[in-house]
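Student: Got a predicted model here, sequence first, then my questions.
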Amino acid sequence: MIILTLFGFQSACCQSYDLPERGLCAHRGAMTAFPENTIPALQEAVRLGAHMIEFDVQFSKDSALVIMHDASVDRTTDGIGKVADLTLEEIKRLDAGSWKEERFSGEKVPVLDEVLDIMPRNVWLNIHIKGGKETGKKVAENILRTNRQHQAVLAVEREAAAGARSVSDKILICNMERQSGKWDYVDGTIAMKADFIQLRGEIFPKFKEYVQKLHSHGIKVNYFGTDEPEKIRLLWDYGVDFPLVNDINRSIKLVENAGVLPVKPQF
């Protein structure tokens, strides 16, 4: 596995961690086989050796940092209503697993601290913030408190980025202000001094030029999203660092032939 040591981060036990230079990002954990954004889905992504793990964070009514993609709980729980209109206590009563398969019945919606507690220290954490300045600020505070600033990348639009950076300029940012998704997005990402960018849409040769310019400014490149091996290989040929995949189990087996080995987690 190709690795890169960043920031000289030291944990409480004085251990430094190497982070993957490229690989696969498990979108909402191992979401094809497990209920997305739940502890089992995220643990499975860790077990399989994902190089980056993506999950979504938003505020509940009482400002708990809830792990959920949708604005409502309707699709991925047995409840009804907007996340922002429900308290954490109400959300914790919901079944977040049986919609996927009966064997996941009773699985709960996690909060950010519960997710961070199970994460290794040597994979990227792609934290997609569903909210603005205050959400960005509170997530950044949690990242610093738990010493995850070496690996946690906050995928944000401008307001959430401002909130996160009001806490610390050491917080890593992935720009999600896509504009047209072309050169304006690339140049805007460089201008805001982001650490990552997330491309999407049609994969075309211009990506190589985008990536070269971004890399020259020290910016790493994610792509959303594909599980097709030939497209993943093409993205890597263009220099993209981390394609987001839904089926991490299948994808990680296929890409080992490209010399990208699974991560052995360190906690």
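Tutor: Cool, got the structure. It should be emphasised that the depicted structure is a prediction, and the values quoted were computed from it without experimental measurement.

Student: Next, count neighbours for Leu261.
Tutor: If you count neighbours by other CB atoms under 10 Å, Leu261 ends up with 15. No exception for glycine: its C-beta is placed from N, CA and C like everyone else's.

Student: Quick one, grab the pLDDT at it.
Tutor: Reading off the confidence values, Leu261 has pLDDT 93.

Student: Then Lys193?
Tutor: Here, the pLDDT recorded for Lys193 equals 96.

Student: do the same with Tyr17
Tutor: So, for Tyr17, pLDDT stands at 94.

Student: Okay, it and Tyr185: tell me how far apart.
Tutor: Counting by CB to CB, to the nearest Å, the gap from Tyr17 to Tyr185 is 30 Å.

Student: Please apply the same query to Ala84.
Tutor: For Ala84, the distance to Tyr185 - CB to CB - is 28 Å.

Student: so where's the stretch 101-250 of the chain shaky on pLDDT?
Tutor: Nowhere does the stretch 101-250 of the chain drop to pLDDT under 70.

Student: what's the offset of stretch 196-211 from the middle of its chain?
Tutor: The chain centre lies 18 Å from the centre of stretch 196-211; the measure is CA atoms, centre = their mean, to the nearest Å.

Student: For that stretch, measure first residue to last.
Tutor: 11 Å (CA to CA, to the nearest Å).

Student: list the buried ones in it?
Tutor: In terms of neighbour count (16 or more other CB atoms under 10 Å), stretch 196-211 has its buried residues at 196-199, 203, 207, 210-211.

Student: got a pLDDT number for Phe9?
Tutor: If you check Phe9, the pLDDT there is 38.

Student: In helices, which of the buried residues of stretch 196-211 fall?
Tutor: When the buried residues of stretch 196-211 are checked against helices (DSSP state H), the matches are 207, 210-211.

Student: now the buried residues of stretch 196-211 in a markdown table, with distance to Phe104?
Tutor: Putting these into a markdown table (distance: CB to CB, whole Å) gives the following:
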| residue | distance to Phe104 |
| --- | --- |
| Phe196 | 31 |
| Ile197 | 34 |
| Gln198 | 28 |
| Leu199 | 32 |
| Ile203 | 33 |
| Phe207 | 37 |
| Tyr210 | 39 |
| Val211 | 38 |
